[in-house]
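Peer 1: A predicted structure for the sequence below; I have some questions about it.
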Amino acid sequence: MSLRQDLRTVSRGWRWGRTPLVPASAQAHRPALEAREFPTTWARSPAAVAVRTAVQRVGLAPLVRSQVAVRTTGTEVLRDLRGPVVFVANHSSHLDAPLILTTLPERWRRQVAVAAASDYFFDTWARGIGSTMAFSTFPMERRGGGASGTTLATDLLLEGWSVLVFPEGTRSSDGWAGEFRRGAALLAMAGRVPVVPIAIRGSFPAMPRGRGWPVPGRPPVRVRYGQPIRPAADEDAAGFTARIAVEVGRLGDEDATDWYASMRRSVEGTGPLTAAPEGARWRRVWAATEPPAVTRGAARRSPWAGWSDSAQR
Amino acid sequence: MTRPGFVLQVDERTPPLLVHEGERMRLETFPLGTRVIYPPESLPGLPDVDGAIRHALLNPLGSDPLPELLFRGMRLTIAFDDISLPLPQMQTPDVRQRIVEAVLTMAAEAGVDDVQLVAANALHRRMTPAELRRCLGERVFRSFYPDALTNHDAEDRDNLLHLGTTDHGEDVEINRRAAESDLLIYVNINIVAMDGGHKSVPIGLASYKSLRHHHNVHTMLHSKSYMDPPKSALHGSAARMGEVVKEHVKIFHIETTLNNDAFPSQYRFMMKREWEWSTRDQATMLAVKRGLDIAPAKVRSRLFRSMEAPYGVTSVQAGATDPVHALTLENVHRQQLVEVDGQSDVLVVGVPYVGPYNVNSTLNPILAMCLGMGYFFNMYRNKPLVRPGGAMILYHPVPWEFSQLHHPSYVDFFEEVLSESTDPATIEAKFEQQYATDPWYVHLYRTSYAYHGVHPFYMWYWGAHAMEHLGDVIWVGADRRTVGRMGFRAASTLQDALEMAGGTVGRSPSITYLHSPPFAIADVR
């Protein structure tokens, strides 16, 4: 075998320039992660915030809108809310964080930090610096056990920064929401801040796992913000997490149907995002890749839908 | 924290996997679904090996402390494992040196004058003075060589003693000096579960007359496997002989186990799981592979022979043979055992550059067969990794090359015996006696550095269990003439080999790749 063939074998096998993959059967046998601190404080300095705001406004937002047809609803819930909060969203695409960052009102956008998987977004210095600068990310261990990420998130809340968390820990492989982990609930309880649920529909068919760019045709995507929720006095993290997951699912359903129907289906546990079809994986992917209707068909509107409901198409 | 071994299922995310093939290596893309057995990660070595040795000697199992066994005027013999262990050779100081020095320090304190050191090489080649010095250190070598530091000579009739027979009628004949000593200390390195225990004295210090009782086709076919001593007829015979030896001489057994650090740090990628290779590992692998591909054969050999393993010692135990060996096996299994669910249709192994019988020498075709079908095939407990009638695919170039110095009888065995038959039982009946008693081979064994004339037969018997069990044996990248002489087939690629094995195992066989070295013992459920 020539050197060229060897190089090709190694570069393909180990995915040079891309994130290396771990075989599925080896996931449980991965080595204990070494504690590696990635400083991100610099990214929250006034200068970095100013640069990021400019980049997001003149670069990221137009780029996102040029590739997908975004419709945002529910941002009015943030109008009278005082931060910080923990934003919690379902996660099925790399589009999700940019969608939220470009649909948040600017007052919120300037002071939101995104919890990002340390093994993916911070595996190299270049990737870490890039994602921190563009999205104000900070590293979080998705397999748990990373005390530093959780501590940093709590500190951020105490400093007045809101935190965006995708509690599934990874992008959905079939478009349906996976199990929510307790990190977001624990964080909100530790920081004594509310959780703002967000449902994203359409990002999976627009740019699923394995794609580096949205599909052509400017597919429709919906981002719906929900009312802030707080833990009950006697509620533990597991119970609060379950409530957050239900609310995120219900918001997605509300986007697809209407508020009242979503409430009914939420009680019955048959709403979208959480109630994936039974059977083969292809059926779940098939259902999840059905794009949201381009026209607004919902007859009954959310009771808190106000003037801003039609904003940001 | 050391991670245990595990069984990987090859999927789309799995990078190409490293496969050894003699003095080369390759990256192989295995079919989806292939099971890959990875040994446990290397256990941490003992932080204070000398302290552990001293503790073992002073607190032995089933024996009085060593200082209490030593006395002025006694005859003390220290036997030690020969150059066949460990593989590759370990960085100096060798653990045998550390142990022998500790024992000799106690012997000197006790005023023992009559001390003899013997390499327990049985029918293996003698160790050279340089090898003895490397194994035991300058201090021991200078004090005892050549008169009191020798190789065991299994053909020296004057220095052999017949101790009797076992209840199975097996002759027990071992080194006279060892048998007539007041105390025989045996210093062992256990790198696989087959080593040590009663295999040390009754085999390492034995003669052909004694060895033929277990080094034969019948015993090998009933050793399933010889890496699982309780189910090994070979070990059963050795244990019976051990009981006879014990009646004549007091044995103080010192056994050690090593971790899986089989390669120097610059080749550490060979011990890592491929998807965890860093950029540096990938670059090193590419450089090593390219270097080996273009290097002349002599340079390749020199590179590999200069390789010294930074083995860590994971345990030292001393005392009576049986309790010591039980603990030794526990420690070997702690490092090597991997649970595997069921057998597969095809077993794939990469045969590396060195086996027990070609240290500082050539891995000739018979030794390549022995390493692959003797050692790797037998790295199991309960049942083989491959089903009866399944196929085995091995990677090695198997060149038609022999060391005339070390393996003279192998040349004739390959040319004369294998051209007539490859059936172990036929070969045993027709040719063994002739080779075992050939005066020229005996002369070379005793005066040169040649393996005994009968040794290639034993290597062939070593593979008898695999030959009987398997339906097909295919060597990837091998010399067709060479493997053809041995009764096997050659293929250019894994895909070709699987295609060829299709007649035996079907078009969609289940495949298991034993990712070794370092060693792993599959506990097949």
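Peer 2: Everything's here; your move.
Peer 1: CA only for contacts and neighbour counts going forward, please
Peer 2: OK.
Peer 1: How about the residues of the stretch 1-150 of chain A by chain B?
Peer 2: Selection of the stretch 1-150 of chain A residues close to chain B by C-alpha under 8 Å from any C-alpha of the partner chain yields A:3, A:6-7, A:9-10, A:13-14, A:20-26, A:29, A:31.
Peer 1: A:Val163 should be in a strand, yeah?
Peer 2: Yes - counting by DSSP: H, G, I helix; E, B strand; the rest coil, A:Val163 is located in a strand.
Peer 1: State the pLDDT value of it.
Peer 2: In the predicted model, A:Val163 carries a pLDDT score of 92.
Peer 1: Report the separation between A:Val70 and A:Leu99.
Peer 2: 8 Å (C-alpha to C-alpha, to the nearest Å).
Peer 1: got any residues that touch both of the two?
Peer 2: Shared contacts of A:Val70 and A:Leu99 (C-alpha atoms under 8 Å, 6 or more residues apart in numbering or on different chains): A:Val223.
Peer 1: Which two among the residues of the stretch 1-150 of chain A next to chain B are spaced furthest apart?
Peer 2: A:Leu3 and A:His29 (32.2 Å; C-alpha to C-alpha).
Peer 1: Which single residue of chain A ends up nearest chain B?
Peer 2: A:Gly13 (4.5 Å; C-alpha to the nearest C-alpha).
Peer 1: wait, doesn't that residue sit right on B:Pro16?
Peer 2: Yes - in this structure, A:Gly13 is within contact of B:Pro16 by C-alpha atoms under 8 Å, at 6.0 Å.
Peer 1: Centroid-nearest residue for chain B?
Peer 2: Most central in chain B under C-alpha atoms, centre = their mean is B:Pro356, positioned 4.6 Å from the mean C-alpha point.
Peer 1: Now do the same contact list for the closest residue to that one other than its chain neighbours.
Peer 2: In space, and not counting its chain neighbours, B:Pro356 is closest to B:Ser84: 4.3 Å by C-alpha to C-alpha, 6 or more residues apart in numbering or on different chains. By C-alpha under 8 Å, 6+ apart, B:Ser84 lies in contact with B:Gly355, B:Pro356, B:Tyr357, B:Asn358, B:Val359.
Peer 1: Please tell me how far B:Ser84 sits from B:Gly355.
Peer 2: According to C-alpha to C-alpha, B:Ser84 and B:Gly355 sit 8 Å apart.
Peer 1: what touches both of these two?
Peer 2: Counting by C-alpha under 8 Å, 6+ apart, nothing touches both B:Ser84 and B:Gly355.
Peer 1: Who are the contact partners of B:Thr14?
Peer 2: Contacts of B:Thr14 by C-alpha under 8 Å, 6+ apart are A:Gly13, A:Leu21, A:Val22, A:Pro23, B:Trp275.
Peer 1: was I right about the third one contacting B:Arg13?
Peer 2: Read that as A:Val22. Yes - assessed by C-alpha under 8 Å, A:Val22 is found in contact with B:Arg13 at 6.1 Å.
Peer 1: Can you tell me the closest non-neighbouring residue to the residue in the stretch 101-250 of chain B that chain A sits nearest to?
Peer 2: Chain A sits closest to B:Val192 of the stretch 101-250 of chain B, with a gap of 24.4 Å, by C-alpha to the nearest C-alpha. Leaving out its chain neighbours, the residue that sits closest to B:Val192 by C-alpha to C-alpha, 6+ apart is B:Val332, at 6.6 Å.
Peer 1: So for the helix or strand where the one you found lies, what gets flagged as buried?
Peer 2: For B:Val332, the host element (DSSP states H and E) is helix B:321-336. If you call a residue buried by 16 or more other C-alpha atoms under 10 Å in any protein chain shown, then helix B:321-336 has these buried ones: B:321-325, B:327-329, B:331-336.
Peer 1: picking up where we left off before, excluding its backbone neighbours, what's nearest the residue of chain A closest to chain B?
Peer 2: Nearest-residue entry for A:Gly13: B:Pro15, 4.5 Å, with adjacent residues in sequence omitted and distances by C-alpha to C-alpha, 6+ apart.
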